[in-house]
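Engineer: Fold the stuff below for me.
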Amino acid sequence: MINSDLKNSTVIVTGANGFIGSVIIWQLNKIGFTQIVAVDSISLEKRNLLKHLKFAKFLLKDQLIKELQLEAKDRSEVLKKVSWIIHMGACSSTTETNWEFLLENNTHYTQKLYEWAQKNHSGFIYASSAATYGAGENGFDDNFDSEKLKPLNLYGESKVLFDRWLMKQVALPEKVYGLKFFNVFGPMEYHKESMASVVYKSFHLIKQTSQVQLFKSHKPEYKDGEQLRDFVYVKDVSRWILELMNKKPRSGIYNMGFGKARTWLDLATSVFRSMNKTANIQWIEIPDNIKNQYQYFTEAKMGKLFQQNLSSPEWPLEKAIEDYVKNYLEKGDAFLKAD
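Structural biologist: As a prediction, the model looks like this:
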């Protein structure tokens, strides 16, 4: 059901032609909402994840920036009353080394959108990242002071910079939510190539070779394949975003994970099972360029989010992988469709 503040207003979704952004549009379509301005740096001619979804207008990132610089009376009709900006657009490569590029795309752009949202009384939801937690030496607690976090890569640094800037604002206004995504997987990630989830990569490896490659452990306390991650299905994450819009809990930065770490072996075994195949795993070395940054354990503390009366996760790992494999990947990377 469309809540009152969405009626006769527009939702801007950046990163709309990407993974999580496109799934958010699908969730909005499921409640009958289509007054969406979809924004991305990748044109629909180059890639179209939105071909079966409904939205009012598509803008490239630079076109959005130009529109938002105008007075309300001079903007396109669809942008005159914006109730929410959901900002998922970013460079999400954890191996990107161009700091100026990351700073502009992930930090400064987010600041511009946030400031516009405040000036225009729009809610603001943005993608932070679990990469801000670094090696996890301080745990994965979204109540922890972001000033003390030490990301392991420049991507995480670009994200934590905005988190810190946001927390330094004199008073955090209502309807502002930063989301620290953990290992999100699911339909609509088909374009992500090296950054796609291990579920997606494993499915295609099994199709081609009947086996999966997993990293060996280089720490004696972890057996091969027993490194732990917090895997969360994109259908849970995108549903929570709509719940934030509907319930409008206390503003702040929130973890977006399942809340229970699972092993890579659990994940791989579930993919084999969903494909009705016997598990066959090849152990490979961690590449040198990520060996020093490789995390052996991540697990989101989810209490802060659930205290805001949001729903519990609906997609445990095995159920989520079965849905993803059988209803999407085996159907040729099926795209989500508006109901």
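Engineer: Run through the helices of the stretch 51-200 of the chain in chain order.
Structural biologist: Along the stretch 51-200 of the chain, counting by DSSP state H, counting those that start in this stretch, helices occupy 61-68, 99-102, 109-119, 154-167, 198-209.
Engineer: Measure how the longest one sits relative to helix 109-119, angle-wise.
Structural biologist: Following axes from the mean of the first three to the mean of the last three C-alpha atoms, to 10 degrees, one obtains 20 degrees for the angle between helix 154-167 and helix 109-119.
Engineer: For the lowest-mean-pLDDT helix or strand in the chain, list the C-alpha coordinates in PDB.
Structural biologist: Of all helical and strand segments in the chain, the minimum by mean pLDDT, DSSP states H and E falls on helix 288-291, at a mean of 84. Presented in PDB, the C-alpha positions along helix 288-291 are these (Å, rounded to 0.1, in the frame of the first residue of the first chain):
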ATOM      1  CA  ASP A 288      48.100 -11.200  -3.800                       C
ATOM      2  CA  ASN A 289      46.300  -7.900  -4.600                       C
ATOM      3  CA  ILE A 290      43.600  -8.700  -2.000                       C
ATOM      4  CA  LYS A 291      45.400 -11.100   0.400                       C
END
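Engineer: Do I have it right that residue 51 meets residue 335?
Structural biologist: Yes - with contact defined as C-beta atoms under 8 Å, residue 51 counts as touching residue 335 (6.3 Å). Any C-beta I mention is one placed from the backbone N, CA and C, and that applies to glycine too.
Engineer: Contacts made by the least confident helix or strand of the chain with the rest, please.
Structural biologist: Helix 288-291 has contacts (C-beta atoms under 8 Å, 6 or more residues apart in numbering) with 94-95, 218.
Engineer: swap the cut-off to 6 Å and go again
Structural biologist: Helix 288-291 is contacted by no other residue when judged by C-beta atoms under 6 Å, 6 or more residues apart in numbering.
Engineer: that older thread, looking at the helices of the stretch 51-200 of the chain, which is buried most?
Structural biologist: Neighbour counts (mean count of other C-beta atoms under 10 Å) averaged over each of the helices of the stretch 51-200 of the chain peak at helix 154-167, with a mean of 21.
Engineer: Kindly reformat the helices of the stretch 51-200 of the chain as a markdown table containing distance to residue 308.
Structural biologist: Below are those laid out as a markdown table (distance: least, C-beta to C-beta, whole Å):
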| stretch | distance to residue 308 |
| --- | --- |
| helix 61-68 | 29 |
| helix 99-102 | 30 |
| helix 109-119 | 20 |
| helix 154-167 | 18 |
| helix 198-209 | 28 |
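Engineer: so which of those gets nearest residue 186?
Structural biologist: helix 198-209 (8.0 Å; C-beta to C-beta).
Engineer: so how far is that closest one from its chain's centroid?
Structural biologist: Here the centre of helix 198-209 is set off from its chain's centre by 21 Å, with C-alpha atoms, centre = their mean, to the nearest Å.
Engineer: If anything else comes up later, I'll come back, but that's it for now.
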